[in-house]
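Undergrad: A structural model of the following input is requested.
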Amino acid sequence: MSRTETDTAEVVCARGESTPGVQVLVARDVPLGGPRAMTVRRTLPHRERSFVGAWCFVDHYGPDDVSVTGGMDVPPHPHTGLQTVSWLFEGEIEHRDSGGVHGMVRPGEVNLMTGARGICHSEVSTPETSTLHGVQLWVVLPEADRDLPRNFEHFAAPSVEVAPGVRLRVFLGELAGQSSPVRTQTPLLGAEVLLEAGTTWEVDVEEAHEYAVLVDSGDVEFCGEAVPQHGLGIVDPGRATLTLRANSAARLVLLGGEPYEEQIVMWWNFIGRDHDEIVALREQWETHSERFGEVVGYEGKTARLPAPAIPGATLRPRRQP
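TA: Now for the predicted structure:
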């Protein structure tokens, strides 16, 4: 998914000091362009936090009535320095990219696209889709891997009952005896969790990792802290177990990973290391550089998404509070 808003501020990210307890981030609404465009709820990046592991972008949308919102129609747009992770609860999205991949995003099936040195792709909800509901996630690549070639991986994650009242789909990493074969460049966890009302689940995790819970539905407590619907609850490293409590039937997405220590500049759909690199990436996209390639088969009203203007000031580093 592209950041299609035209008022695009830079996000220059670095890790700050760890804080105890559970940090709760409230989502902000972001329209994806146009009068009938769908709106997403964004919790990362946030002014109070830049990363959870290498997860650097969390958009949550729906359930949206496509007849009202018009669904998703994102023209070809670029990415660098990251991997996109698409996960649906309901609906279907057609994906095309400049690596030659044409595939569908369906509920319970993860699509991971590597746009390291450069890629472009389009995303369109299918005519059969009446309701669209899911998450779009980005993973920042470390310096050593940010020039990887274009790539795409798909995995249908099985739904498994791992404890009474708990069903789990692990789409990245490992949790509760379940695992995903999808490869990432840093240790990561991505899982959909369904909890029956009244269920408390304690699960073993990597003590050196940080974790976040995105609440899609239900009354949820994460490590003893209430996390509102659409909110993101985060814990820093130092916990060998996580506790999830559902006071009503709930669905959530659990994310985690090894703390990401490198500084990045994230502007529009690019991840770079400084102002000059972002300026160069924008210029290369606008001049149709082979760095990004071309998407074949997209038939929307706009052939490709133009980049917004670079802010007048230098894109400067700012630390994560």
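
Undergrad: For R47, see how far away A226 is.
TA: The spacing between A226 and R47, counted by Cβ to Cβ, to the nearest Å, is 22 Å. Where C-beta positions appear, they are placed from N, C-alpha and C, glycine not excepted.

Undergrad: out of those two, which sits in the busier spot?
TA: A226 (15 against 11; other Cβ atoms under 10 Å).

Undergrad: Now the more buried one: which helix or strand?
TA: strand 225-227 (DSSP states H and E).

Undergrad: Indicate each strand paired with the helix or strand just after that strand and its parallel or antiparallel sense.
TA: Remark: after strand 225-227, the chain's next helix or strand is strand 232-235, criterion DSSP H and E. The pairing partners recorded for strand 232-235 under DSSP bridges are strand 22-25 (antiparallel), strand 210-217 (antiparallel).

Undergrad: Comparing those, which comes out most buried?
TA: strand 210-217 (a mean of 24; mean count of other Cβ atoms under 10 Å).

Undergrad: what's in contact with the helix or strand following that one?
TA: Along the chain past strand 210-217, the next helix or strand (assigned with DSSP H and E) turns out to be strand 220-222. The contact list for strand 220-222 (Cβ atoms under 8 Å, 6 or more residues apart in numbering) reads 22, 195, 213, 226-227, 233, 235, 242-247, 250, 252.

Undergrad: Show me the beta-bridge partners of the closest residue to V227 other than its chain neighbours.
TA: Nearest residue to V227, sequence neighbours excluded (Cβ to Cβ, 6 or more residues apart in numbering): G233, at 3.7 Å. Per DSSP bridges, the residues bridged to G233 are V24, V213.

Undergrad: Identify the residues contacting T84.
TA: Applying Cβ under 8 Å, 6+ apart, we find T84 in contact with 1, 111-113, 115, 121, 136-139.

Undergrad: Could you look up the SS state of it?
TA: At T84 the chain is in strand, as set by DSSP: H, G, I helix; E, B strand; the rest coil.

Undergrad: you'd agree the residue nearest to V227 is up against E225?
TA: Yes - at 6.1 Å, G233 and E225 qualify as touching, with contact defined as Cβ atoms under 8 Å.

Undergrad: Overlap in contacts, these two.
TA: Taking Cβ under 8 Å, 6+ apart as the contact rule, G233 and E225 both touch 22, 24.

Undergrad: Compare the two and say which is more crowded by neighbours.
TA: G233 (24 against 16).

Undergrad: State the distance from the more buried one to A27.
TA: Distance of G233 to A27, computed by Cβ to Cβ: 12 Å.

Undergrad: Report the beta-bridge partners for L132.
TA: L132 has these beta-bridge partners by DSSP bridges: D64.

Undergrad: Let me see the contact set for it.
TA: With Cβ under 8 Å, 6+ apart, L132 has these contacts: 38, 61-64, 66, 69, 71-72, 88, 90-91, 93, 125.
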